[in-house]
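**Q** curious how this folds, go ahead:
(one chain, ligands or ions: 1)
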Amino acid sequence: MKKMYYIATKRTINVSNPPTSLPDGWQAGPFRKGGLFNSPPLEKGEWGDLVASQEGIALLMVLWVLTLLMVIVLSFSFMTRTETYSTLSFKEGLEEKFLAEAGIERGIMELFYRNVYKNQTLVMEGTEAWRTDGTIYSAQIGDGYYTIAITDESGKVDINTVSDVVLKNLLINWGIQEEDVDIIADSIMDWKDPDDLHRLHGAESDYYMSLPNPYKAKDANFDSLEELLLVKGLTSEILYGNNEKRGIINFLTINSGTNRININAAPKEVLIAIPGMTPEFADMIIDYRKTKDIVNLQEIGIIGENYNLMAPYISTAGSNTFTIEAAGYTGREKGGYAIRATVTITGNSSYKYVYYKSPISINQQQ
Ligand SMILES: [Ca+2]
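**A** The predicted model follows:
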């Protein structure tokens, strides 16, 4: 209960008729005869001139209300500022998303365009067909820009038809220890083969069923590359990459349908996974195809033993299925929004998506 004292003299209490009880909330205090501090204290049963002084309390209350109001005002201003920033950041993020979507549409348009112009003998400026070997193109829209890389699926390693040796080379070149490469490669083969007998380093249902979250080996072809994350030994870092290198998802496909690799479209990482292929040969191929598609390897001087090693694994034919990676940027710090889409061109102006992922982490791009 609040403690209140009667010390002032402004309100007179009738001494001849003193109140028999104190007002509610009041308690007896240091009464003074005449209300003065230096006057002698009241005797028991005596009443002086008493008045409640609430002026100090009013001041305190005003100060408290002011403090509260200041806190509220400050927190409102802080909230508004935070919201303004998050709205701005949301707006820029949205802009980047639409830039990336525009990039995907542009990529599809360029693929149609390419079908019309890829065999032209005389290339006019502005009519160059885009390369489908992962070459990065970019375009400006307003204050932002997007980058696009298109890769023909025939230039990647088909996880459903891959030869053991190409798969292992790809994993070793990525920087995985040899014993882990054996585990991953054997386990990928075991994952899709119909039987339940595991290879030397492989894994079948008995292994996966012993995991904390058990599941069975698929014993059928891969339907998506993300399925690889279920395979023993294959981590998301290997699949999606890290800050230093692109993940193997960029070099794999489920859409090529052949164990041969189209050297006109293959990224360098895929080229050097081909038996007999040296980094020097890969550079020669990449350099040569900048101007025109390779028809056969002899024309760029790859012959002899190396050629014989490569021959069973290579082709020069493209496919109708392409992966487009597009990223939108508005110049934000740590910005960028990326999308990966795989489309099959089904006619002169028709296509269908076979894969669409938005967003993908930006370090997968370039
Ligand atoms: Ca199996």
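
**Q** and the host helix or strand of Y356, average pLDDT?
**A** Y356 belongs to strand 351-360 when assigned by DSSP states H and E. Average pLDDT, strand 351-360: 94.

**Q** would you mind listing the buried residues in it?
**A** Buried residues in strand 351-360, counted by 16 or more other C-beta atoms under 10 Å: Y351, V354, Y355, K357, P359, I360. C-betas here are computed from N, CA, C, even on glycine.

**Q** quick check: the two most widely separated of those?
**A** Y351 and P359 (21.6 Å; C-beta to C-beta).

**Q** point out where the stretch 101-250 of the chain drops to low pLDDT.
**A** 119-127 (pLDDT under 70).

**Q** mind listing the strands for it?
**A** Taking DSSP state E, counting those that start in this stretch, the strands of the stretch 101-250 of the chain run over residues 133-141, 144-152, 157-158.

**Q** what separation do you get for I150 and F222?
**A** I150 is 22 Å from F222, where distance means C-beta to C-beta, to the nearest Å.

**Q** with neighbour numbers in mind, choose between those two.
**A** I150 (25 against 20; other C-beta atoms under 10 Å).

**Q** contacts only, for the more buried one.
**A** Contact analysis of I150 by C-beta atoms under 8 Å, 6 or more residues apart in numbering lists G107, E110, L111, W130, R131, T132, G134, T135, F322, T323, I324.

**Q** can you do 6 Å?
**A** Applying C-beta atoms under 6 Å, 6 or more residues apart in numbering to I150 gives the contacts G107, T132, F322, I324.

**Q** same question for K232.
**A** Taking C-beta under 6 Å, 6+ apart, one finds S187, A203 in contact with K232.

**Q** 10 Å - rerun?
**A** Contact analysis of K232 by C-beta atoms under 10 Å, 6 or more residues apart in numbering lists 183-184, 186-188, 190-191, 198, 201-204, 207-208, 211, 217.

**Q** same check on A311?
**A** By C-beta under 10 Å, 6+ apart, the neighbours of A311 are R260, I274, P275, G276, L297.

**Q** can I get these in JSON lines including secondary structure, distance to V71 and pLDDT?
**A** Below are those laid out as JSON lines (DSSP: H, G, I helix; E, B strand; the rest coil; distance: C-beta to C-beta, whole Å; pLDDT from 0 to 100):
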{"residue": "R260", "secondary structure": "coil", "distance to V71": "71", "pLDDT": "95"}
{"residue": "I274", "secondary structure": "coil", "distance to V71": "69", "pLDDT": "97"}
{"residue": "P275", "secondary structure": "coil", "distance to V71": "72", "pLDDT": "96"}
{"residue": "G276", "secondary structure": "coil", "distance to V71": "74", "pLDDT": "95"}
{"residue": "L297", "secondary structure": "helix", "distance to V71": "76", "pLDDT": "82"}
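
**Q** what's the closest of these to the ion?
**A** Nearest to the ion, judged by C-beta to the ion, of these is R260 at 24.4 Å.

**Q** just give the nearest non-adjacent residue to that closest one, would you?
**A** Leaving aside its sequence neighbours, R260 sits nearest to S315 (C-beta to C-beta, 6 or more residues apart in numbering; 4.1 Å).

**Q** and the one you found, how many neighbours?
**A** Going by other C-beta under 10 Å, the residues that sit close to S315 add up to 17.

**Q** so what pairs up with it in the strands?
**A** N262 (DSSP bridges).

**Q** from here on, call the first residue 727.
**A** OK, 727 is where the count begins now, so the last one is S1041.

**Q** hang on, isn't it packed against V1021?
**A** No - applying C-beta atoms under 10 Å, one finds S1041 not in contact with V1021, separated by 11.2 Å.
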